[in-house]
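J.: Provided below are the primary sequence and the corresponding predicted coordinates.
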Amino acid sequence: MPLRPLATGDEISFPEPTGAPPLALKYHSETLESKHVETDPATGETRIIISGTTPLTEDLTHGLTTGSKIEEIWSIRDGDPASARVDITWDRSLGRGDWQTRSRVLTSLWGDAEDFHIVQRIQAWEARGWSLTAITRILCAGCKPLTIR
């Protein structure tokens, strides 16, 4: 195996990195985040509600505006593991000038004694009048848990 002499200092040097200039952005709202837990003493259900927004942001270079909002609701009833459920709603917006679009994805996941259920609804709108809705339902009948070794 060839040998070479040990280095006594830096063998090579690189110039300082340069970054791209910051984007020219204008924020039309603030970022909001929240998380809280609530328990219903009558039903024994505990819910964790997590929500957040990405501010409505305009790219001043080309005028595109974007924004989003998400909410997750995790719930379970005391003593009933099969009642565990999560419902997630995610809204997004995108537009420029008079052209505006938005979408919403609603996802629910839960299980019962035999099956896992996933339902997802996707909705989209465009300001000039069209809309679209698609629903996907997945039932994992008799799914066996994965064993990871």
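T.: Right, received. Where do you want to start?
J.: and the lowest-mean-pLDDT helix or strand in the chain, what other elements does it pack with?
T.: Ranking every helix and strand in the chain by mean pLDDT, DSSP states H and E puts strand 131-141 at the bottom, with a mean of 79. Judged by 3 or more C-beta pairs under 8 Å, 6 or more residues apart in numbering; DSSP states H and E, the packing partners of strand 131-141 are strand 115-126. For the C-beta atoms, the positions are set from N, CA and C on the backbone; glycine is no exception.
J.: Secondary structure element for Thr8, which one?
T.: For Thr8, there is no enclosing helix or strand under DSSP states H and E.
J.: re earlier: orientation of the least confident helix or strand of the chain relative to strand 115-126 in degrees?
T.: Inter-element angle recorded for strand 131-141 and strand 115-126: 170 degrees (by axes from the mean of the first three to the mean of the last three C-alpha atoms, to 10 degrees).
J.: Pull strand 131-141 out as PDB, backbone CA atoms only.
T.: Output of strand 131-141 as PDB, limited to C-alpha atoms (Å, rounded to 0.1, in the frame of the first residue of the first chain):
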ATOM      1  CA  SER A 131     -64.500  22.700  -7.600                       C
ATOM      2  CA  LEU A 132     -63.500  19.100  -7.200                       C
ATOM      3  CA  THR A 133     -64.000  16.600  -4.500                       C
ATOM      4  CA  ALA A 134     -62.400  13.100  -4.300                       C
ATOM      5  CA  ILE A 135     -62.900  10.700  -1.400                       C
ATOM      6  CA  THR A 136     -60.700   7.700  -0.700                       C
ATOM      7  CA  ARG A 137     -61.700   5.000   1.800                       C
ATOM      8  CA  ILE A 138     -59.200   2.300   2.900                       C
ATOM      9  CA  LEU A 139     -60.300  -0.500   5.100                       C
ATOM     10  CA  CYS A 140     -57.600  -2.900   6.300                       C
ATOM     11  CA  ALA A 141     -59.800  -5.800   7.200                       C
END
